[in-house]
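> Give me the fold of what follows.
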Amino acid sequence: MTSLILLVMMMAPHEHGHAGRDRHGNPDDLSSYIARMEDPARDAWQKPDAVVKSLELKAGQTICEIGAGPGYFTKPLARAVGRDGVVFAVDVEPTILAALRDRLKAAALSNVTPVLGMADDPLVPPKSCDVIFIVDTFHHFADGTAYLKRLVAALKAGGRIVNIDFHKRELPVGPPPDHKVAREEFLAHAKAAGLRVVREETYLPHQYFLVLAP
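Numbering: from 1, shown residues only. You can find the predicted model right below:
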């Protein structure tokens, strides 16, 4: 199967300068925030096993996960690519990356490289990734088109981008609608970055799941 870049985005609201949020738009109470991201109840609608299976990952591939958080998807991705594979786990919050490191140590996973990224740059090597994985994070990017272009530059030949994000409407989970990026809005950024949709999955109840390629 052609390699994938999966943009799987974290469940964090957009930075609007609201009180109680840091410069990245994350809640000041990071311990509670991390606990929500790791809540087992999330599995019922996020369907992590089905998502990872849909990627059809191969042993030895390199994945860049944008907005890795404390490792909700990082651990199954690391197992999917095996000991010879690599996961670049990118986040902009040092405290969250520290929590991720603790979880990786507890799980005895040695094929994950935590990366402290910048708000406008994931800081991963060019042409290094088969997969870039982001869930519910696109709303954090001040210039979504420019960020996608950086991700395209990080792709190996044949790489893919998959974006999973909340539909922009009232839902029982996720941030309020004004913190969400509509499917059509994301696709406009993707087109401007030179990306096209090659596949769409529809089994997630609250989110769109788009596979894209340059």
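
> Just give me the residue closest to the centre of this protein.
In the chain, the centroid-proximal residue (CA atoms, centre = their mean) is residue 134; its distance is 1.5 Å.

> Let me know the secondary structure of that one.
Under the three-state scheme (DSSP: H, G, I helix; E, B strand; the rest coil), residue 134 adopts strand.

> hey, what's it bridged with?
residue 66, residue 163 (DSSP bridges).

> Now do the same for it: its pLDDT.
pLDDT, residue 134: 89.

> So it sits against residue 163, correct?
Yes. Residue 134 lies in contact with residue 163 (CB atoms under 8 Å); the separation is 6.6 Å. Just so you know, the C-beta spots here come from the backbone N, C-alpha and C atoms, and that holds for glycine as well.

> do you know how far residue 132 is from residue 203?
To residue 203, residue 132 is 21 Å away according to CB to CB, to the nearest Å.

> More neighbours: those two, which one.
residue 132 (31 against 10; other CB atoms under 10 Å).

> isn't that one right up against residue 155?
Yes. Residue 132 lies in contact with residue 155 (CB under 8 Å); the separation is 7.3 Å.

> Show the contacting residues for residue 59.
81, 82, 84, 85 (CB atoms under 8 Å, 6 or more residues apart in numbering).

> ok, now how distant is the residue nearest to the centre of the chain from residue 60?
Distance from residue 134 to residue 60, counting by CB to CB: 22 Å.

> cool, and residue 189?
31 Å.

> Show me which of these two is the more surrounded one.
Neighbours were counted for residue 189 and for residue 60 using other CB under 10 Å; residue 189 has more, 20 against 12.
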